[in-house]
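**Q** Kindly generate the corresponding structure for this input.
(one chain, ligands or ions: 1)
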Amino acid sequence: MNNVVDLVDDFVSLIYPRYCMGCKGDLRKGEDSLCTRCLSELPKTNYHLYPDNPVRNRLAGRLPIRFGWAYLKFRKSGIVQRLLHQLKYQNAPEIGTKLGLVFGHELEILTLSSCFDLIIPVPIHSERLKVRGYNQSAAFADGLSQGMKVPWSESVTVRRTYASTQTRKSRADRWDNVKDAFVINESSLVYGRRVLLVDDVITTGATLEACGQHLVQCGCRELSVACIAEAQ
Ligand SMILES: [Zn+2]
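**A** Numbering: from 1, shown residues only. Next comes the predicted model:
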């Protein structure tokens with residue numbers, strides 16, 4: 001039976017060649033989205049090993065957070081920038097899911113997954129969702145959920161303003177842009193829960209702060225934050 005599955009796999013690979021999204025090299029059997037070499041060379045922060053780390057410190061005082069993590073370091077022209085660009089603009093949600101899965105496994109091994117009841121992705125506006133076809137942070141949440149065996153929900157939070165891109169804004173402008181952007185749809189799912197709020201990139205932290213404040217107001221028992229990457 002396995003031979004038949006392998007044959008089908010080989011046949012599918014012939015018709016749809018599968019490439020690593022990090023280096024564009026061919027993927028081998030058992031690999032998906034990223035080759036073993038790219039996976040092993042990802043520039044990890046390892047912030048989850050240090051309670052006192054730059055992401056947590058960036059948000060402390062603005063949000064009552066327990067853990068603050070970014071999985072990877074974002075460098076201009078590096079592999080993380082290439083992966084995030086494909087995730088956001090080239091119809092590749094599988095990158096977010098893959099990175100969530102591998103990070104989720106690392107957290108699971110350290111039993112950190114037992115610290116959470118629910119994973120919530122920062123939402124994008126419905127108009128942006130229509131254009132992109134998916135929420136890149138939800139893809140990351142989905143992968144984390146699989147790796148950590150913690151449920152996730154995309155329906156808890158809603159983004160009500162179609163904010164222009166944050167990329168070239170100052171810290172004050174970013175806050176003005178997002179401070180009223182979110183509403184909580186299902187506060188009963190948040191109340192009393194230990195929530196892990198996730199996003200693709202943390203820059204100033206304004207988006208996470210705005211969304212996180214609503215979760216705190218809805219009575220989540222504990223709030224933590226995890227991002228794919230930290231921009232310097
Ligand atoms: Zn590769």
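**Q** So E230, which state does it fall into?
**A** At E230 the chain is in strand, as set by DSSP: H, G, I helix; E, B strand; the rest coil.
**Q** and stretch 107-118, which residues are buried?
**A** For stretch 107-118, the buried set under the neighbour-count rule, 16 or more other C-beta atoms under 10 Å, comprises L107, E108, L112, S113, C115, F116, D117, L118. To be clear about C-beta, it is placed using only N, CA and C from the backbone, and glycine gets the same treatment.
**Q** Out of these, name the ones that lie in helices.
**A** Residues of these located in helices (DSSP state H): L107, E108.
**Q** Near the ion, which residues of this structure? Just list them.
**A** C20, G22, C23, C35, C38 (C-beta under 5 Å from the ion).
**Q** Of these, grab the buried ones for PyMOL.
**A** This is the PyMOL syntax for the buried subset of those, where burial follows 16+ other C-beta under 10 Å:
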select buried, resi 20+22+35+38
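**Q** Can you tell me which of the residues of the chain next to the ion comes closest to A210?
**A** G22 (31.7 Å; C-beta to C-beta).
**Q** Wait, the closest one touches R82, no?
**A** Yes. G22 is within contact range of R82, at 6.9 Å (criterion: C-beta atoms under 8 Å).
**Q** And the contacts of the helix or strand containing H85?
**A** Assigned by DSSP states H and E, H85 belongs to helix 79-89. Under the contact criterion C-beta atoms under 8 Å, 6 or more residues apart in numbering, helix 79-89 has outside partners 21-23, 38, 41-43, 72-75, 92-93, 95-96, 99, 132, 136, 139, 200-201, 228-229.
**Q** remind me which residues of this structure are low pLDDT?
**A** 1-2, 5-6, 8-17, 163-169 (pLDDT under 70).
**Q** all strands of it, in order?
**A** 65-74, 118-121, 157-159, 182-184, 194-202, 222-231 (DSSP state E).
**Q** looking at those, which is buried most?
**A** Scoring the strands of the chain by mean neighbour count under mean count of other C-beta atoms under 10 Å gives strand 118-121 as the most buried, with a mean of 26.
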